[in-house]
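Asks: when you get a sec, could you give me coordinates for this:
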Amino acid sequence: MPTEHTEVQVRPGIEDDLKSLTAIYNHYVRETAITFDTAIFTPEERRPWLLSHPEDGPHRLMVATEAETQQILGYATSGPYRPKPAYATSVEVSVYVAPDAGRRGIGTLLYDALFRALTGEDVHRAYAGIAQPNEASERLHARFGFRFVGTYREVGRKFGRYWDVAWYEKEL
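Replies: Predicted coordinates for the structure are as follows:
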């Protein structure tokens, strides 16, 4: 397990990361309502998702690794907000941190790198949906200038109950 003082590097995601990224995501699928996916994925099933995040353009994948071991500590993405053409300058962003790497500032490092990577891209707004309650995610998004715009009540059902999603936006 990485220590609190381990150096962390952030870089674009690559295909070799797929197995680790899938394991991190599957943790959140199995254990939390942070994502509304309800069935775990194989790395092969997640490959199209990874390939939809090239090293340039508005849809990015940034990966945090422990510098010495290259262990993946988390990732952040920007992806299409909605599929219709008029939404092309809007992205939905998210960040996932490995369960044993929390409370180390990994999310902050990832979002910092993601928003720097989006500078100069034709992106006008970033949106984030946060399943409630999730104070840590709300604090992270506030730190990056996101503002609350509304809540979809009981929009998702997982683990036998309904969940609200609070929506936040940030001008880019």
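
Asks: so for stretch 56-74, mean pLDDT?
Replies: Confidence over stretch 56-74 (mean pLDDT, whole number) is 95.

Asks: in that stretch, what's buried?
Replies: Residues of stretch 56-74 classed as buried: 58-66, 71-74 (neighbour count, 16 or more other CB atoms under 10 Å). Just so you know, the C-beta spots here come from the backbone N, C-alpha and C atoms, and that holds for glycine as well.

Asks: where along this structure do the helices fall?
Replies: 18-31, 43-51, 106-118, 135-143 (DSSP state H).

Asks: can you tell me which of those helices is most buried?
Replies: Ranked by mean neighbour count under mean count of other CB atoms under 10 Å, these are led by helix 106-118, which reaches a mean of 20.

Asks: list the contacts of it.
Replies: Applying CB atoms under 8 Å, 6 or more residues apart in numbering, the contact partners of helix 106-118 are 8, 10, 12, 58, 60, 62, 64, 73-78, 91, 93, 95, 97-98, 126, 140, 143-144, 172.

Asks: same deal with stretch 27-43?
Replies: Stretch 27-43 is contacted by residues 18-19, 22, 25-26, 96, 98-99, 131, 134, 137, 156, 158-159, 163 when judged by CB under 8 Å, 6+ apart.

Asks: at 10 Å instead, please
Replies: Contacts of stretch 27-43 with the rest of the structure, by CB atoms under 10 Å, 6 or more residues apart in numbering, involve 15, 17-23, 25-26, 45, 47, 49-50, 94, 96-100, 129-134, 137, 155-159, 161-165.

Asks: then stretch 79-88?
Replies: Applying CB under 10 Å, 6+ apart, the external contacts of stretch 79-88 come out as 49, 52-53, 58-61, 89-94, 122-127, 169.

Asks: buried subset of those residues?
Replies: Taking 16+ other CB under 10 Å as the criterion, what is buried in the contacts of stretch 79-88 is 49, 53, 58-61, 90-94, 123, 126-127, 169.

Asks: contact partners for Trp49?
Replies: 18, 21-22, 25, 41, 61, 77, 79.

Asks: quick one, strands of the protein?
Replies: Using DSSP state E, the strands of the chain run over 8-12, 61-66, 72-80, 90-97, 125-131, 147-158, 161-171.

Asks: with distance to Leu109 added, can I get these in CSV?
Replies: Converted to CSV, the strands of the chain look like this (distance: least, CB to CB, whole Å):
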stretch, distance to Leu109
strand 8-12, 5
strand 61-66, 6
strand 72-80, 9
strand 90-97, 10
strand 125-131, 17
strand 147-158, 22
strand 161-171, 17
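
Asks: alright, that wraps it up for me.
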